[in-house]
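A.B. asks: turn this into a structure:
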Amino acid sequence: MNSRWDQVVRGKGLAGIGAVFFGGLILFTGWEQWDSSSVECGGKQMLPGDRCVSTTNGAPSGDNSYAEQRSDDRLFAALVMGGGAAVACGGLVQVGIVASRPGKSAPMNAGPFGPPIPPPVQPMPGPNVMRPDSGGQTYRRFPNG
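C.D. replies: Numbering: from 1, shown residues only. The predicted model follows:
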């Protein structure tokens, strides 16, 4: 794989890939409802000639015929499919943006968890320090005070 797709796979584009997958599931769910031949009212299947009466707090709030309920069901399915398509397209755009960015190649010696850890810093020398320009003499450092 080239470095652009490495960026997508290594995390920067995972949200986009997840959105494409999730949007596809929503789209499929909407399509299943759109393609369904049954019409339901309150979870029960309706037959032509039936009426669907909705209630709110015990009072009737809506009365739909079989044809009206089927139309409402198809409208809801169309909205679900539109939402799923929007989520999936947004994910595709995200993946495309991440993949089209000029990225840095991973270092050649990078492990699975990122670049290697740099070596530790060397400790400071103790109180007796031999300086290279001293001709072999040892100097003693004294703390400020």
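
A.B. asks: this structure: helices as residue ranges?
C.D. replies: For the chain, applying DSSP state H gives helices covering 3-7, 14-35, 66-100.

A.B. asks: out of the ones you listed, nearest to G49?
C.D. replies: With Cβ to Cβ as the criterion, G49 lies closest to helix 66-100 of these, at 6.5 Å. Yep, even glycine has a C-beta here, placed from its N, CA and C like the rest.

A.B. asks: how close does T55 sit to C41?
C.D. replies: Separation of T55 from C41 (Cβ to Cβ, to the nearest Å): 12 Å.

A.B. asks: comparing these two, which residue is more hemmed in?
C.D. replies: C41 (17 against 10; other Cβ atoms under 10 Å).

A.B. asks: what bridges to the nearest residue to that one once chain neighbours are set aside?
C.D. replies: Excluding the flanking residues, the one nearest C41 by Cβ to Cβ, 6 or more residues apart in numbering is C52, at 3.5 Å. Legend: beta-bridge partners of C52 under DSSP bridges are N64.

A.B. asks: surely C52 meets Q45?
C.D. replies: No - using Cβ atoms under 8 Å, C52 is not in contact with Q45; the gap is 11.1 Å.

A.B. asks: my read is that S38 contacts Q45, right?
C.D. replies: Yes - S38 is within contact range of Q45, at 5.2 Å (criterion: Cβ under 8 Å).

A.B. asks: one step back: OK, contacts around the residue nearest to C41?
C.D. replies: C41, G42, M46, G62, D63, N64, S65, Y66, E68, Q69 (Cβ atoms under 8 Å, 6 or more residues apart in numbering).

A.B. asks: same thing with D63?
C.D. replies: Taking Cβ under 8 Å, 6+ apart, one finds R51, C52, V53, S54 in contact with D63.

A.B. asks: how much space separates the third one from E40?
C.D. replies: Looking back up the chat, that one is V53. 14 Å.

A.B. asks: and if you look at the first one?
C.D. replies: In this view, R51 and E40 are 13 Å apart by Cβ to Cβ.

A.B. asks: can you check the last one too?
C.D. replies: Look at S54 and E40: by Cβ to Cβ, they are 13 Å apart.
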